Structure formats: C-alpha cells, structure tokens
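K.L.:
quick check, what structure comes out for this input:
(chains A and B)
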Amino acid sequence: MRYTKIFSLYFQSVFAHRGRPLVFVLMYVINALIYLTFIRGVFQQTHTIQTWTLSSVTSYYFLLIVAGGTLMMHPEVPIFRDDFEKGELAGRLLKPFSYYWQRFNIELPVRVFQGISGAIIAYILAIIFHADFQFHLSLATVCLALIIIFLAYFICFTFKMILALTALWTTEIHGAQELTDILVTIFAGYIVPVNLLPGVLEKLANILPFSYIIYYPIIAIEGKLAVPSLFSVITIQVMWLVVLGVLFRFLWKKGLMQYADFGH
Amino acid sequence: MKRYLRIYRCLLQLNYHRMFIHKTDTLSGVFGSILWGFFSIIAMYILTARSSSVFGWSRTDLFVLVGVFNILIGGIYRMFTSTNFDRFVYIIQRGELDGLLLKPLNLQFALSCWYISYHYILRVILAVMYTVFVLGLSHVPITFFSVLSFLFLGVFGLITLYSFWFLIMTSLIWFPDLYNLTELLYTTDNFSRYPPQILWAIRLSVFIIFFPVTLTVSIPAKALLHTATTTDAVMLVAFGVGLLYCSGKFWQFALRYYTSANS
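P.N.:
Next comes the predicted model:
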C-alpha cells in the first residue's frame, strides 16, 4: 500500500509539471520521424531491406517512440545535480529505503507518463502514416516479451545509476554522459534497427547492453522473435543485469566512502 | 554599435579566462563536442549504408552536408549562441530577468551573447578539414567564389537558426517551467543535418515551422557543391532577415507579459 502511495505522489508531481516530460517525448518523436523519413527515402529504391519492409520499418519507428519514452531513462541527471552537487544525498541516506529503490520510485511515474504520451502520439502518427502495426503474438511470446521489457527497464536503470555513481570520483559526468548518449543512439536501434547496422556495428550492438534495452523489446513485442530467440535474449539480459547489479553494489559501497556531505 | 563591439570584445576576453578557470568543464566540452561530430558522420554512414542516394542527394553530397553542419551548427553556432540559451532558461525560471532589465543594454544582446564556448573551436577546425577532404574525394573543386558564397550564406544560415531559437525560447515568458525547451531545440537542429526534402516527406503540416532550419545548412552546403541557385540564396537571406526582425518584435511583445520573479 505504501508503495502505491509513493507512486501516486510522484505521479501527481509529474502530472503537475507535465510539460517537461512531454517535451522529452517530442524529442523522441522528432528523431524517430527524421530517421524514418530518411529510411523511407531509401525504400524508394527497394521494396525490402533484409527482413524489413516499408510497413514494418514504419511501425518499428513508431514503437521506438513508446520504447524510448518508457525504457530510456535519465536518472543520472537529477542524481548528479541534486544529490551530489547540491548535497541532497545525505537526506536520502536517512530514509528507510535503499537509495536504488528511492530513485526507482521517482523514475517510474515519469516513465509511465512518457510511455502513455508516447503511445498516444505513436497511435496518431500510425493513422496519419497509414502504418499497420502487426503483432504476431501467442500467449507464450506475449509473456516472454513482457519479461524482456521488464528486464530492459532494470538494465537501463541500473546502467544509468552506475553512470551517476561515477561522479563520486570524477566530480563531472558530462563527458561520460555524452559518450553514453552516443553509444545508446547508435547501438540501441534509434538510427536504424540493429540488424540493418553495417558490418561490425551490428556485431557490437549484439554484445553491448543497449540493444537489449530498446531494439529487442520492440521486436519481441512485435512478435518478430521465435520462442528460442526470446529465451536467448532473456538469458543475455539476465547476464547483463547480474553484471550491472554487482557493479552497482560495489561502486555504491566504495562511492559512499568518497562522498562527503555537503556536496563533494 | 561601437559601444556594443567594445562590450563584446570584453565578453570575449572574460570568456577566454572562464575557459581556463573551469578546466575540467572545458576538457569535457571538447571531448563531448568532438564525439557528437563523429556521431553525425557515423549516423550518416549507417543511414546511407544501403543506398547510394537519398532524396536526390548522393552519398558524398550527404557527407558534405554533415561536414557543413559540423562547421556551422555543431561548431560556430554552439560556440557563440547555444550556451546562452541554456542560460536564458535559468534567467527566466529564477526571475533573474529583472536584473537584466535594469542594465543599460539591449536585452536581446545581453541574453544571447553573454557566453562564448571556445572549446568548440576544435570541432570547427576538424569539421573544416573533414569537409575539404570529402569535397576532394568527390572531385568537387573548391573555388574562391564557392568559399565566399558559402561564408555569406553560412552567416545567414546562422542568423536564421538563431532567430528561430529565439522565437521559440521567447515562449518561456509564458511557460517558465519548460526548462528542457533547449533540449528540444538541439533535437530540431537535426533537421538541418539531412536534406530539406525530408521535411516534405514527413507529411505533417505542423513540421512546416522547421522549414527555415532545414535551409541553414543545406544551402551553404549547396554553395560548396556548386549547386546553389539564386532562389536558394534569396530565400535564405529573406528568412534570416525576416526571422531576426520577427524574433525581436515577438520578444518585445512577450516582455509585456513578464511578471517578474517566479512568474
């Protein structure tokens, strides 16, 4: 019950300042439309690129808006600004929740709001573009796809928490944040679906965790993956989550020794 | 005018010293700006990996477009203007505009020209080298006239983009809570990295407002590729002058609604 209360309180706050998350969703919309339109230009010369048709690639980019809004979070920004720079971490350490779950509670309502807004916008765009969302799903694939989405959320959140923690040593995460944003944009499937990446970039994308945050959840929910493939994606996601979880715990313990209230 | 030039010279010096005070920030800025420069090239490489031409632009033309984007917007525009718009948000949100209103300075100047981020110089240099290299690869001659028209159109491209940003940012007077509006504008800059035809292909009439943004890089790039027409040049100059005038007028209008701190 108290978790529901916490969620609803944060959600109220998000809804009160709804302009901000909507601006972020608009950013996903603009980027998705730019890349989609460019790819549509490529499709003027061919009917299919690998397994993708114009229709399937269009629905991919619209689902990307929803996935971006829901799964791609940025907790590192307020953590760095408020908790580390302004020294609000001390207050958070006294609360009867672990820091990880406190930040999780703050982030979740934003994601829910952005996800809903993204879904509405994607639906409207699908009508305008005559996009045909095709979900080839069975009960088993739906369940597995939902597990993939759930794991993707935690991978992204834990990864961004680790990124934020590095500020305890470096006192500046601007460079690391920019690098991460670039890697995410290339390897998560924002520019083109991962299997359309040229050569070595596709192989790298399948090794790095970013495609398991955006690309695989999208094609899983579209029903483009068979059950064995879904299981192998889940296995890799669990591996990444374990690695990131262990790393987070290690950095958190070491980082707290570095931290000195007030600020750095 | 002379007075403003003197003030700007002073600002140039102050910002030069600021760069050395915040060394980590400067280094991380250099790192970030170069990374984004490389990203724009990689993104174009990925998008054109399976096609030799898109919307009538050949692959090499598109790589020249990316180079010009990195010179004009990723380099010069970010160096002289973008940081000031980040400051713009804080000034309005925290009600600091009152202080600026009392200064004997043109408010638009005080808001737009205060900070200069010198660390973008490296990106400009690298982008110039890259563009010359790509033009050489595609056997496009670099003539005195093409460089001169590129510079002339580039200036108007920058004025157009600045005015567009200023027009949008002025809405903060009514919506001071939208601190992430600059992030949206950084995203809309992406329109200029691709052929302008993209905008028409999107088929959403609301996106027409981004039309001037698509011209800011494409027309100077066309000048380098020797494909710019007089109509292109006139259109860009008209947009530059027109939007600059409109942004000033809209700002004056918006100021009537500014209700001081915590508006």
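K.L.:
would you mind listing what in the stretch 51-200 of chain B touches chain A?
P.N.:
For the stretch 51-200 of chain B, the residues in contact with chain A under the definition C-beta under 8 Å from any C-beta of the partner chain are B:51, B:54-55, B:175, B:177-181, B:183-184, B:187-188, B:190-191, B:194, B:197-198. No exception for glycine: its C-beta is placed from N, CA and C like everyone else's.
K.L.:
quick check on these: which are buried?
P.N.:
When those are checked for burial by 16 or more other C-beta atoms under 10 Å in any protein chain shown, the buried set is B:51, B:54-55, B:178-181, B:183-184, B:187-188, B:190-191, B:194, B:197-198.
K.L.:
which two of the residues you listed have the greatest separation?
P.N.:
Considering C-beta to C-beta, no two members of these lie farther apart than B:Ser51 and B:Tyr179, which are separated by 38.9 Å.
K.L.:
so which bits of the stretch 151-264 of chain A are right by chain B?
P.N.:
Applying C-beta under 8 Å from any C-beta, we find that the stretch 151-264 of chain A lies next to chain B at A:171-172, A:174-175, A:178-179, A:182, A:185-186, A:191-192, A:196-198, A:201.
K.L.:
now rank the residues you listed by neighbours and give me the top one.
P.N.:
Taking other C-beta atoms under 10 Å in any protein chain shown as the neighbour criterion, A:Val192 ranks highest of these with 28 neighbours.
K.L.:
element containing A:Phe62?
P.N.:
Using DSSP states H and E, A:Phe62 falls within helix A:54-71.
K.L.:
and that helix, does that touch chain B?
P.N.:
No - using C-beta under 8 Å from any C-beta, no contact is recorded between helix A:54-71 and chain B, whose separation bottoms out at 11.6 Å.
K.L.:
and the next element down the chain from that helix?
P.N.:
Remark: after helix A:54-71, the chain's next helix or strand is helix A:76-78, criterion DSSP H and E.
K.L.:
quick one: the helices in the chain, in order.
P.N.:
In the absence of a named chain, this looks at chain A. Along chain A, counting by DSSP state H, helices occupy A:2-16, A:19-42, A:54-71, A:76-78, A:89-93, A:99-128, A:139-165, A:167-170, A:174-187, A:199-207, A:215-221, A:227-258.
K.L.:
should've been chain B
P.N.:
Along chain B, the segments classed as helices by DSSP H run B:2-21, B:23-47, B:59-71, B:83-93, B:97-101, B:107-112, B:121-137, B:144-169, B:181-188, B:197-202, B:211-224, B:230-255.
K.L.:
now those as CSV including mean pLDDT and distance to A:Ala205?
P.N.:
Shown next, in CSV, are the helices of chain B (pLDDT from 0 to 100; distance: least, C-beta to C-beta, whole Å):
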stretch, mean pLDDT, distance to A:Ala205
helix B:2-21, 90, 37
helix B:23-47, 88, 11
helix B:59-71, 95, 21
helix B:83-93, 87, 32
helix B:97-101, 86, 46
helix B:107-112, 89, 40
helix B:121-137, 95, 25
helix B:144-169, 95, 33
helix B:181-188, 91, 22
helix B:197-202, 84, 25
helix B:211-224, 94, 28
helix B:230-255, 95, 38
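K.L.:
so which of these gets nearest A:Ala167?
P.N.:
The closest approach between A:Ala167 and any of the helices of chain B, judged by C-beta to C-beta, belongs to helix B:23-47 at 11.7 Å.
K.L.:
I'd like to know which elements that closest one is packed against.
P.N.:
Using 3 or more C-beta pairs under 8 Å, 6 or more residues apart in numbering or on different chains; DSSP states H and E as the contact definition, the elements that helix B:23-47 packs against are helix A:19-42, helix A:174-187, helix B:59-71, helix B:121-137.
K.L.:
which elements pack onto the longest one?
P.N.:
The reference is to helix A:19-42. helix A:54-71, helix A:99-128, helix B:23-47, strand B:53-54, helix B:181-188, helix B:197-202.
K.L.:
still on that earlier bit, can I get the helices of chain A in TSV with mean pLDDT?
P.N.:
As requested, these are arranged in TSV below (pLDDT from 0 to 100):
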stretch	mean pLDDT
helix A:2-16	85
helix A:19-42	90
helix A:54-71	93
helix A:76-78	88
helix A:89-93	87
helix A:99-128	93
helix A:139-165	95
helix A:167-170	84
helix A:174-187	89
helix A:199-207	92
helix A:215-221	95
helix A:227-258	95
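K.L.:
of those helices, flag the one that's most buried.
P.N.:
A comparison of the helices of chain A by mean neighbour count, using mean count of other C-beta atoms under 10 Å in any protein chain shown, puts helix A:215-221 on top with a mean of 26.
K.L.:
A:Ile127 versus B:Ser149, what's the distance?
P.N.:
Between B:Ser149 and A:Ile127 the computed distance is 43 Å (C-beta to C-beta, to the nearest Å).
K.L.:
oh sorry, the question was meant for A:Glu172
P.N.:
45 Å.
K.L.:
circling back: how about the helices of chain B, which one is nearest A:Tyr99?
P.N.:
From these, taking C-beta to C-beta, the stretch that ends up closest is helix B:23-47, at 25.2 Å.
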